[in-house]
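Chemist: What follows is a predicted protein model with its sequence.
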Amino acid sequence: MVQPQVLENAAEAPSKHANGTDTPEVFDKAGLERLARQRPAIFSNAFAEYGFVLSIILSMMMCEYFISGFNIVLPEVAMSLKISDAERSWPAAVPNLTTAAFLLPFARLCDLYGGRYVFLGGHAWAFVWSLAAGFSQNPVTLIVCRAFQGVGFSAFLPAGLALLGHTYRPGPRKNLVYSIYGAFACIGFYFGILIGALSGQFLNWRWYFYIGAILVFVVIVVGVLTIPRNLDDRDQGAVMDWWGLFTVVPGLVLVVYAFSDGGHAPDGWRTPYIYVTLIVGALFLAAFVYVEGWVATQPLLPAEIFKPKYIRRLSAGLFCSYGIFGLFLFYTSYYVETVLHTTPLQTAAWFIPLAAGGFFLAVAGGFVLHIISGRILMMISTAGYLISCLLFALLPVQTDDNPSTSFIYWAYVFPAMLAGTIGVDITFNVTNVFITTAMPRRLQATAGALVNSLLYLGIAFWLGIGDLAIATALRDQGEELLGPREQYQIAFWTGVGLAAVSFFFIVTVNFGRAEAQMTVDEKAAVDSDN
């Protein structure tokens, strides 16, 4: 066996990829540790690196802005555009659905044309439809604009993660950058809530979209100026998997539509267009599985991405975990505004622990991911999910003789918000680092697409399931027995059950620690020499 060469000062002997990133010629532990901590060679100075990272993390910020803030303005939007209770989840869920449906095709476009162009193009597309959403005059127009917003998200999310994955080696520096990425998700999350509250209370809900469009344009400008043009991440041999594209997109859209609308259809699941949609969608997904496994020469979702032994179980756990967060975010916003009768600004204030705690956890994670086992962190995360939904499910009825609003907030809402941020932020940071580290360079965009598709598809799918459960209960018991509080409790108990299921998937995954180590490509190169 050929042993890797060991030098006294290993970090001083890197070679270069075409894109300027470091690849060590030696693989001793001290040398890898130094390389994992130093600035990638593609950046000439600290400011070049800061600008690059800023452009990527701002993209995540804006994605969260358009998800979280919309839940705050949704009651006003529903009144303004006369959106019925049966349709209110669609403007909130549809961008998650379209984002999840198009992530894999756009990951392949990153291979074909480079992450930089897909990243900037996705933001330009999101800018156009964010602006258009502000001019919506009816529910259909708004839903269409929100759906096309999601297409833009599906372009720049995997592209951004691919750009980061191509640039940073496994180790502390990568952990810190990915943690900052997660921290800006928290900032965007709360910023969306704040702007939504200000727009709803002092301006007009349309300003929520106008301000968002302006901020997306700022991200475009920052990206054009700071993302290195010589970051060549194209795969010259890549081709588009058209059969995969034409099966996975309609399959996901139709199946999630059936689950989302089944509870509100005239005859429920017996309504012809519901079960026909579900059957056709399932056939499309079955065709996608066949195409990816036996037909496509370069599948959108290659079997290699599931080669690490924990990926399948982790994917199932993430699908449930992100569904919990979607249920928690959507129904918490409605609960505090319609049951506890808070103003939009008070609602924004009540969400501060979720954002502030998430920012702290995200940044702190960058300093502990290489010290604490990922399995322990993920077990803590699933416990946070469970507690957040359980507290809202058990929240007592507020009457003149029962707990005050202040007591309810400090005893139930405040700890639920902290638990919620423990759930989503630890999950997001740990899985981004570990999945991208487990993949070779050519699968970085696909890995990013997988992580984000589980996020957005999980949110869209389980929001539909929660909505279906509520609609079924209403049909059985009637609104006179099942008021808003009881309806929302159904969704929270659904989240509690999902947390238990997610825990059993996650606890079996052995993540290890995110230490400085060789990349997958470097390990393969060493193995080929042995």
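Modeler: The structure has been received and is ready for your questions.
Chemist: How far does the secondary structure element (helix or strand) that residue 253 belongs to sit from its chain's centre?
Modeler: Element membership of residue 253, judged by DSSP states H and E, is helix 242-261. The chain centroid and the centroid of helix 242-261 are separated by 19 Å under C-alpha atoms, centre = their mean, to the nearest Å.
Chemist: Could I get the average pLDDT for that helix?
Modeler: Taken as a whole, helix 242-261 has a mean pLDDT of 83.
Chemist: so after that helix, what's the next helix or strand?
Modeler: helix 272-290.
Chemist: Using PDB, write down the CA coordinates of that following helix.
Modeler: Output of helix 272-290 as PDB, limited to C-alpha atoms (Å, rounded to 0.1, in the frame of the first residue of the first chain):
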ATOM      1  CA  PRO A 272     -62.800  12.400  -9.000                       C
ATOM      2  CA  TYR A 273     -60.200  15.000  -9.800                       C
ATOM      3  CA  ILE A 274     -58.400  14.400  -6.400                       C
ATOM      4  CA  TYR A 275     -57.900  10.600  -6.700                       C
ATOM      5  CA  VAL A 276     -57.100  10.900 -10.500                       C
ATOM      6  CA  THR A 277     -54.500  13.600  -9.700                       C
ATOM      7  CA  LEU A 278     -53.000  11.400  -7.000                       C
ATOM      8  CA  ILE A 279     -52.900   8.300  -9.300                       C
ATOM      9  CA  VAL A 280     -51.400  10.200 -12.200                       C
ATOM     10  CA  GLY A 281     -48.800  11.800  -9.900                       C
ATOM     11  CA  ALA A 282     -47.800   8.500  -8.400                       C
ATOM     12  CA  LEU A 283     -47.400   7.000 -11.900                       C
ATOM     13  CA  PHE A 284     -45.100   9.900 -12.900                       C
ATOM     14  CA  LEU A 285     -43.000   9.300  -9.800                       C
ATOM     15  CA  ALA A 286     -42.900   5.600 -10.500                       C
ATOM     16  CA  ALA A 287     -41.700   6.400 -14.000                       C
ATOM     17  CA  PHE A 288     -39.100   8.700 -12.500                       C
ATOM     18  CA  VAL A 289     -37.700   5.900 -10.300                       C
ATOM     19  CA  TYR A 290     -37.500   3.600 -13.400                       C
END
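Chemist: and that helix with helix 242-261, angle?
Modeler: Calculated by axes from the mean of the first three to the mean of the last three C-alpha atoms, to 10 degrees, helix 272-290 forms an angle of 150 degrees with helix 242-261.
Chemist: Can you point out the buried residues in helix 272-290?
Modeler: Across helix 272-290, burial judged by 16 or more other C-beta atoms under 10 Å covers 274, 277-278, 281, 284-285, 287-288. C-beta here means a position set from N, CA and C on the backbone, and glycine is covered the same way.
Chemist: After that helix, which helix or strand is next?
Modeler: helix 311-334.
Chemist: just checking, what packs against that next one?
Modeler: Judged by 3 or more C-beta pairs under 8 Å, 6 or more residues apart in numbering; DSSP states H and E, helix 311-334 is in contact with helix 46-81, helix 89-113, helix 374-393, helix 414-437, helix 444-477, helix 484-506.
Chemist: Buried residues of it, list them for me.
Modeler: If you call a residue buried by 16+ other C-beta under 10 Å, then helix 311-334 has these buried ones: 311, 314-334.
Chemist: Off-centre distance for it?
Modeler: Using C-alpha atoms, centre = their mean, the offset of helix 311-334 from its chain centre is 10 Å.
Chemist: What of stretch 280-297?
Modeler: 25 Å.
Chemist: Please enumerate residues in contact with that stretch?
Modeler: Contacts with stretch 280-297, where a contact means C-beta atoms under 8 Å, 6 or more residues apart in numbering, come from 239, 241, 243-244, 247-248, 250-258, 299-303.
Chemist: Buried among those residues? Need that as a selection in PyMOL.
Modeler: With 16+ other C-beta under 10 Å as the burial test, the buried ones among these are selected in PyMOL as follows:
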select buried, resi 241+243+244+247+248+250+251+252+253+254+255+256+257+258+299+300+301+302
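Chemist: residues contacting residue 132?
Modeler: Contacts of residue 132 by C-beta under 8 Å, 6+ apart are 145, 148.
Chemist: That one sits in which helix or strand?
Modeler: Assigned by DSSP H and E, residue 132 belongs to helix 115-133.
Chemist: Go through that helix and flag the buried ones.
Modeler: Buried-residue list, helix 115-133, by 16+ other C-beta under 10 Å: 115-123, 125-127, 129-133.
Chemist: helices and strands around the helix or strand immediately after it in the chain, which ones?
Modeler: Next along the chain after helix 115-133, taking DSSP H and E as the criterion, comes helix 139-167. Applying 3+ C-beta pairs under 8 Å, 6+ apart, one finds that helix 139-167 makes contact with helix 46-81, helix 89-113, helix 115-133, helix 172-202, helix 414-437, helix 444-477.
Chemist: Run the chain-centre distance for the helix holding residue 132.
Modeler: Per C-alpha atoms, centre = their mean, the centroid offset for helix 115-133 relative to its chain is 17 Å.
Chemist: what is the orientation angle of it with helix 89-113?
Modeler: 150 degrees.
Chemist: Hey, what's the angle from helix 115-133 to helix 444-477? Just curious.
Modeler: 30 degrees.
Chemist: I'd like the average pLDDT over helix 115-133.
Modeler: Here the average pLDDT along helix 115-133 is 91.
Chemist: Using CSV, list the CA coordinates for it.
Modeler: What follows is helix 115-133, C-alpha atoms only, in CSV (Å, rounded to 0.1, in the frame of the first residue of the first chain):
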residue,chain,number,x,y,z
GLY,A,115,-23.1,27.7,-10.5
ARG,A,116,-22.4,31.4,-10.9
TYR,A,117,-24.8,31.8,-13.8
VAL,A,118,-27.6,29.7,-12.4
PHE,A,119,-27.2,31.5,-9.0
LEU,A,120,-27.5,35.0,-10.6
GLY,A,121,-30.2,33.9,-13.1
GLY,A,122,-32.3,32.4,-10.3
HIS,A,123,-32.2,35.7,-8.4
ALA,A,124,-33.2,37.7,-11.5
TRP,A,125,-36.2,35.4,-12.0
ALA,A,126,-37.2,35.6,-8.3
PHE,A,127,-36.9,39.4,-8.5
VAL,A,128,-39.4,39.6,-11.4
TRP,A,129,-42.0,37.4,-9.8
SER,A,130,-41.6,39.0,-6.3
LEU,A,131,-42.4,42.4,-7.9
ALA,A,132,-45.3,40.9,-9.8
ALA,A,133,-46.8,39.4,-6.6
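Chemist: Is residue 405 in contact with residue 340, as I believe?
Modeler: Yes: if you go by C-beta atoms under 8 Å, residue 405 and residue 340 touch, sitting 6.5 Å apart.
Chemist: one step back: quick check: which of the helices and strands packed on helix 139-167 is nearest to residue 156?
Modeler: helix 115-133 (3.4 Å; C-beta to C-beta).
Chemist: quick check: angle from the closest one to helix 139-167?
Modeler: 160 degrees.
Chemist: do you know which of the helices and strands packed on helix 311-334 lies nearest residue 357?
Modeler: Among the helices and strands packed on helix 311-334, the nearest to residue 357 by C-beta to C-beta is helix 414-437 (4.1 Å).
Chemist: Report the angle between the closest one and helix 484-506.
Modeler: 40 degrees.
Chemist: What mean pLDDT does helix 414-437 get?
Modeler: Per-residue scores along helix 414-437 average to 79.
Chemist: Now do that helix: which elements does it pack against?
Modeler: helix 139-167, helix 172-202, helix 311-334, helix 352-368, helix 374-393, helix 444-477.
Chemist: Having no further points to raise, I will conclude here.
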